Structure formats: C-alpha cells, structure tokens
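Q: here is a sequence together with a model predicted from it:
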Amino acid sequence: MSENNFDIQSPPCVLCGWTDNCPEKYGEKRTYVEYNLTLHNYCLLMSSGIWQRGEENEGVDGFLIEDIRKEVNRAARLMCNICRKKGASIGCVAPKCKRSYHFPCGLQKECVFQFMEDFRSYCWEHKPVQIFSDKESREPSQCTICLDLVEHLPLYSVLRSPCCKNTWFHRECLQYQALSAGIFFFRCAVCNNKDKFQKEMLRMGIHIPEKDASWELEDNAYQDLLQCYQHCDIRRCLCKNGRDYNKPDSKWEIKRCQSCGSRGTHLACSSIKSWEQNWECVECRSIFAKGKYSKRKKHSLAPSEKMDGTTCLLEEPSPKLPRQSPGSQRNCLLQHLRMQRKEASNILKELKQQINTKTTRLNINTENIWKSALKGFRQRNFRPTNTIEVKFTNCKNRVKTDSFTGSKHLFFHLLMLHIQNSSLFEGSSAKNLSVDPQALKENLYFEAGKMIAVSLVHGGPSPGFFSKILFDCLVYGPENVKPNLDDVADAGVAQTIKKIKYSESLSSLQSTVRDCYDFLAAAGCLRPITSLRDKDMLVNDLLIHHVIKRIISPLESFRQGLKTLGLLEKMEMHPDAFSSLFCHKPENLSAEALCDLFTIHSSPDVNKVGAADFWMGYLQDVESGESVVTLQDILFFVTGCSSIPPIGFDPEPTIKFLPVHYPIGNRLLNCLELPITRTYENFKNKMEFTIRSTLRGERE
C-alpha cells in the first residue's frame, strides 16, 4: 500500500477509542487516510478475532482491510470489563474466562500481553506470575538498568531475572531496554544470557521487537572511532607544511602518545629516530611522574598501615579491570565536552537567526548591574529579537564614552556573575534554585531565566554554575528526577537526613525520628516507622521535598523565562549539549584554542609562514608564563571578551600582517593587525607594550 499519511488532528484508534500517541505503550499509531482508519499497532496485534491473511506489504502489515473492518464491527458489540465502554477487541485466553477489554485498559489493570506465537492475552486474574521462594531475601535491591531501588515482591511492576539469582528489574525499565535493543541485543544485563532471558520476558509480557538495536540504525554512529588524531602538539613544530601535515614513512609522520592517544608529534619535532620508538606527551609524563612519587610514599608506610585493607586494595588493583590513566580520563572528558559545546554553539547560531537589525539600547549602571538590567529588560520597547546595544553610565546616570564595542559582552559577563551570586540561587559552586518569597512576588525568577536565554543567543558567556539536579529538572521535568544527598544545599538539612539514612538499628531510627519531629512535620514527611527499611522511603521523601517540591514555584517561573527565543525547547531536545554550558565552567584558554580561533590573512608580499611562526611562538610563551600578559588579555584586546562565548564571535576573528608599527585590535571587526618584524624578540616586545598599555588605559 502507499506510504502512511498522518493526520494532524490525531483521531482515535478505531479499536480502543483512545487518541493517545505513545509508541512505547501502545505501539506506533498510524492513520490511513485512504481507508479512514487509525490504529495502534499493539491494539491490532492483540485483537482476538483477526489474524494476518495477507503478505507483509498487503493491508496493514499483512492484516487485510476487510478483516480489520470486521474486527471493528465485532468489537463494537463487546463491552470492556474495565472501562464499561464498547469496542473491547481483546479477550482473556484462560479457559472459561469471558473478560474482554481494550489494550490501554488492560495495561492499566495490569493484564499481560504476550508478543509471541498466537499473541495471547491474560486478564488480571489469570495472568502468568513468577514464583518466589520464601527463603529469598525481601530486602530491596538496585534495578540493574536504572539503579533505583526495586522491591523484592510479587508485583506486576517488578520482574526477576530467570538466569541470575537476586537480579531484579522494573518492568518499565525492561520494556524500554527491549524496545531499544531489539531481538538481537536484548539480554540479561548481568550475565548476558539471551535465550532463557528472552523466553521468560516474553512470557511475562515484555515486547521484544524484531529489529536491530537503535544504536545500530544510526547513520555513521561509529564514524568517530575510525578517526585517528593527526596533529603535532610540540611547542615548536618544525614542519613548514603545518602541524596537521602527515607523510607516512618519513620524518614528518605523526606519532600519537602511547598512553592517551590524544596528543601527537612529528617524528622530527621530537627527535624520534624510528616509528617503533615510544613517545609520551607532556601531560602523561607529568601524571606518571606523580604516580611514581605517590607509589614511593605508599611503600614507605609503617607496617601497621600496610595491613590496612584499603591500602591493600589500592596497591593491588584487580587484574580483571585494566587501569585507565588519569590523563586518558581527563582527555576523554575534555574531548566530550568540546564536542557537546560545539553542538550547542551550532544550535545557538540557529536561534540567533531570529535576531533582526532593529536596535534596543540598554543604559547600564555598573554600580547596580541588576537594577539597571531589570529596568532595561522590562521597558516597553524591549524585544528579545532586537539587536542589543549597551551603553554604560556612572552612578549619576551620565553616559560615559563607550571606548570599545565589547560593552555588550562585558554587560552579559557582569550580569551572569550577579545572577550566579544572587539570592535566587543557593549552594557553593553547583547551585540550585533557592526560595525567595520577595523575588517570587516580583517575578524575578522569570526575569533571570529570560536574561540567561537572551545572553546566550546574543553572544554572552555560558552560565556554568547550575547543579546537575537543577538542569535535569529544567529539561526532563521535576517529576522525572531523583535527588540525592549531594543535592541538598543546606548543611543543617543534609546533616539531619544523614542521621536518618545511616541509622543502624530500628531503635536508633525511631529515636532520630522523634528528635526530628518538627523538621519532618514541616516537610510533610511524617510516617510510621515499623522497620529499618522504612528509612529509605523517609529519606527519599525528604530529598524530594527539600530539593524539588520546595522550589516548584521558582522552578516553573524560571522555566518560563528560559523559553525566551526558544532556548528551553532546544535544551529539552539536546540536553547533553546544553549541559556542557549550564553545568560546566568554560575551558581555560590555551594557546592552541586561541591559535585555532583566528584565521590568518596576509598579502602576497608577506612571508606568511614566518609571520605566523612569530604569532604561534608568542602564544606559547604567554601560555607557559614567559610573558607579562595573559591569553585572556590578548583575546580581550582584540574582541572585548575575556573568554570565547558559546555562540562564537561574529564576525569570526582574523589576523592581518601589515606594515604597521604596533599591533592594533579592531573590536568592531574582531580583527588583529600585527606588525611585520625581522626578529621574534622585536615582535614580542611590541605585542606586550601595546596590549599592556591599552588594557591599563581602559581599566583606568
């Protein structure tokens, strides 16, 4: 049949009558306009009076259209034993059981649907169950998929592995894993058993689709693994063709670090005589040097200390777990964050296309950045889609001369610092929202979210101070987030919860609860304590109250502000990318990053290679501390920014080598004009004198 046509109005399924479109629960919902049919895939598969009489390409996956209409007419005469409405197409297959129900109703009533063989269905009384021995432990354990606690009870929502003792899962977790892994990769998460595990899960109603795993279906999913690092990172690269030049079987072949693989060198640049000779980068050598020093300290411990169990474990790591070097872990994390930030940058550039050329001026008093910013954002003619122009004023509101075009970047930088340290947030470095009744009354949480959204899209810095729990609440919804003790900002509250959590006996737990009666009552978490296991539920209730429920109103107001310019929607679609901006501080500037940031332009009569060597050599001197200026000073001299904004620069920074006496930073064009000199020392002296003098004058 022709390709499916999907109706925007989302008509109800002709079998169950539900309009819900949830593929994970009811299967794919499809509308066939030419036949005036809308069906949930699972409703069709489980219907008792129909079977596939056609080929896969006939009708609906082999179900003929006339058969579907007959089944709809048959079901129209049957009443659902759950919702008491007509259209119950599914019947229990247990002998003498006459119950009928809709597929969604059956799910709610905890019926079991077996997606195999004859696609049998069992009602809530006759469904298959797993047998539990009385000798088995009833203490809760972790679900090996989501790692949350799962009760060892004969419940519909709980399933036990048939191949591993004391391995328990949430039914919902198993179903999501089965839909993602498919029939070829769905197996026990502990022992990797496939046949026995799949047979039991199918019996208990887990749908395992006959498809490849979702990660195998992505285009170029493993493309990154095929790329090798090809760049010379030596401070003074000798190759005239550049750091990325690689010629195999020559002295210009690039060799990667044997430890981390994320740094490289030309053989000639490190005086390596042959490819077989090992080479390690500076970072790995320093890490290994520290490791040897700490190992020597361990061997010098007193005999009594050597007998400590923890020390022994540190000295003798398990041979089954290969040790990963700290440098490798750090480099992997940095590379991952760089990739995520690059993705976020591209998304912000898409959002920036909304910005028009109409200008909105903000008069900002640096002595009261929050008050003047709030006034500007609340003025009647302020539109987030307008181009923002910033003018700084003194305390008497007399406009100062705007000496550089980076005033907007400086404004957003100061504004983000104020928001981070304001009463709207609590915590040390990773912050959560606080509860400020006055700020809530004045709608300041909304304004703060709006300012962050506007800042990111207009080229401001990344926030970098959000806690993971706050970010997850924003993008996934507070109802889908599980807090832990580290998320509690108040030290006193955290200490009280710890007393409850680490109670070792029922009597000590009950005593602690009595001592904290007022605290528990205020949180609405009073509950009878009859066993030591009750402390887990109590701790969970307290964490949810203090970390999530307490800030629901500020959180919702803040979310509304982040919707400005469509930012929150993009955050929800790309949470990993935006987490790198909201939860992680920007990476420190490096000579390599600054070198990659600028595009070099030079006239034909200029020796581009020699001039570029001076520039790159100067950056490396600055990075190593052999200069009176910093990399931040250089960037600020050219762009007016002390860090690279997540969205990047517009226009992109460039370098021109011109016959000028001293370097010139054109912040309107983000262009650095560099003098042509005969010696590196002359070049360095001119750079340092100009940058220091310019920045000192601006600060004064």
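A: Right, received. Where do you want to start?
Q: now do the strands in the stretch 201-350 of the chain.
A: Along the stretch 201-350 of the chain, the stretches classed as strands by DSSP state E, counting those that start in this stretch are 254-256, 264-266.
Q: any chance of those strands in a markdown table, with mean pLDDT too?
A: Converted to a markdown table, the strands of the stretch 201-350 of the chain look like this (pLDDT from 0 to 100):
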| stretch | mean pLDDT |
| --- | --- |
| strand 254-256 | 89 |
| strand 264-266 | 89 |
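Q: take those strands and lay them out in JSON lines including mean neighbour count and distance to C525.
A: C-betas here are computed from N, CA, C, even on glycine. Below are the strands of the stretch 201-350 of the chain laid out as JSON lines (neighbours: other C-beta atoms under 10 Å; distance: least, C-beta to C-beta, whole Å):
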{"stretch": "strand 254-256", "mean neighbour count": "20", "distance to C525": "55"}
{"stretch": "strand 264-266", "mean neighbour count": "24", "distance to C525": "56"}
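Q: reformat those as JSON lines; add distance to A448.
A: Converted to JSON lines, these look like this (distance: least, C-beta to C-beta, whole Å):
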{"stretch": "strand 254-256", "distance to A448": "45"}
{"stretch": "strand 264-266", "distance to A448": "44"}
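Q: those strands: which one's closest to L597?
A: strand 264-266 (20.5 Å; C-beta to C-beta).
Q: what does the closest one contact?
A: If you take C-beta atoms under 8 Å, 6 or more residues apart in numbering as the criterion, strand 264-266 is touched by 229-234, 237-239, 245, 251-257, 272, 279, 281.
Q: change it to 6 Å
A: Under the contact criterion C-beta atoms under 6 Å, 6 or more residues apart in numbering, strand 264-266 has outside partners Y229, H231, C232, D233, I234, C239, W252, I254, K255, R256.
Q: pretty sure the last one is touching C228, no?
A: No: R256 is not in contact with C228 according to C-beta atoms under 6 Å; the separation is 7.1 Å.
Q: what is the least confident helix or strand in the chain?
A: Every helix and strand of the chain was ranked by mean pLDDT, DSSP states H and E. The lowest is helix 309-315, at a mean of 36.
Q: using the three-state scheme, assign T19.
A: What DSSP: H, G, I helix; E, B strand; the rest coil gives for T19 is coil.
Q: any chance of JSON lines for the contacts of strand 264-266, columns distance to W168?
A: Below are the contacts of strand 264-266 laid out as JSON lines (distance: C-beta to C-beta, whole Å):
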{"residue": "Y229", "distance to W168": "43"}
{"residue": "H231", "distance to W168": "48"}
{"residue": "C232", "distance to W168": "53"}
{"residue": "D233", "distance to W168": "49"}
{"residue": "I234", "distance to W168": "54"}
{"residue": "C239", "distance to W168": "59"}
{"residue": "W252", "distance to W168": "58"}
{"residue": "I254", "distance to W168": "50"}
{"residue": "K255", "distance to W168": "49"}
{"residue": "R256", "distance to W168": "44"}
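Q: where does pLDDT dip in this structure?
A: Scanning the chain for pLDDT under 70 picks out 1-9, 220-226, 235, 285-331, 394-406, 602-610, 700.
Q: what residue of it is the furthest out?
A: K96 (52.4 Å; C-alpha atoms, centre = their mean).
Q: if I pick the residue nearest to I208 when sequence neighbours are not counted, what's in contact with it?
A: Leaving aside its sequence neighbours, I208 sits nearest to A178 (C-beta to C-beta, 6 or more residues apart in numbering; 4.7 Å). Under the criterion of C-beta under 6 Å, 6+ apart, the contact list for A178 reads F186, I206, I208.
Q: quick one: which helix or strand includes the residue nearest to the first one when sequence neighbours are not counted?
A: With C-beta to C-beta, 6+ apart as the measure, A178 is the residue that lies nearest to F186, at 4.9 Å, once sequence neighbours are left out. Taking DSSP states H and E as the criterion, A178 maps to helix 171-185.
Q: closest to Y476 out of the strands of the stretch 201-350 of the chain?
A: In terms of C-beta to C-beta, the element of the strands of the stretch 201-350 of the chain nearest to Y476 is strand 254-256, at 38.2 Å.
Q: E367 should be in a helix, yeah?
A: Yes: membership of E367 in a helix is supported by three-state DSSP.
Q: in which helix or strand does F636 reside?
A: helix 631-639.
Q: what strands flank whichever helix or strand comes after that helix, and is each parallel or antiparallel?
A: Using DSSP H and E, the helix or strand that follows helix 631-639 in sequence is strand 654-658. Note on strand 654-658: by DSSP bridges, its sheet partners are strand 599-602 (parallel), strand 671-675 (parallel).
Q: pull out the buried residues from the following helix or strand past strand 654-658.
A: As assigned by DSSP H and E, the chain's next helix or strand after strand 654-658 is strand 664-666. Neighbour counts using 16 or more other C-beta atoms under 10 Å place I664, G665 of strand 664-666 among the buried residues.
Q: partners of strand 664-666 in the sheet?
A: Using DSSP bridges, the strands paired with strand 664-666 in its sheet are strand 671-675 (antiparallel).
Q: tell me the angle the helix or strand immediately after the partner strand in the chain makes with strand 671-675.
A: Counting by DSSP H and E, the next helix or strand C-terminal to strand 671-675 is helix 680-699. Interaxial angle of helix 680-699 relative to strand 671-675 (axes from the mean of the first three to the mean of the last three C-alpha atoms, to 10 degrees): 140 degrees.
Q: among the contacts of A178, who's most crowded?
A: With neighbours taken as other C-beta atoms under 10 Å, the top of those is I206, carrying 23 neighbours.
Q: next up, the contacts around that one.
A: Contacts here follow C-beta under 6 Å, 6+ apart; on that basis I206 touches L174, Q175, A178.
Q: change it to 8 Å
A: Applying C-beta under 8 Å, 6+ apart to I206 gives the contacts F115, L159, R171, L174, Q175, A178.
Q: right, and the third one touches V158 too?
A: Yes: between R171 and V158 there is a contact under C-beta atoms under 8 Å: 6.8 Å.
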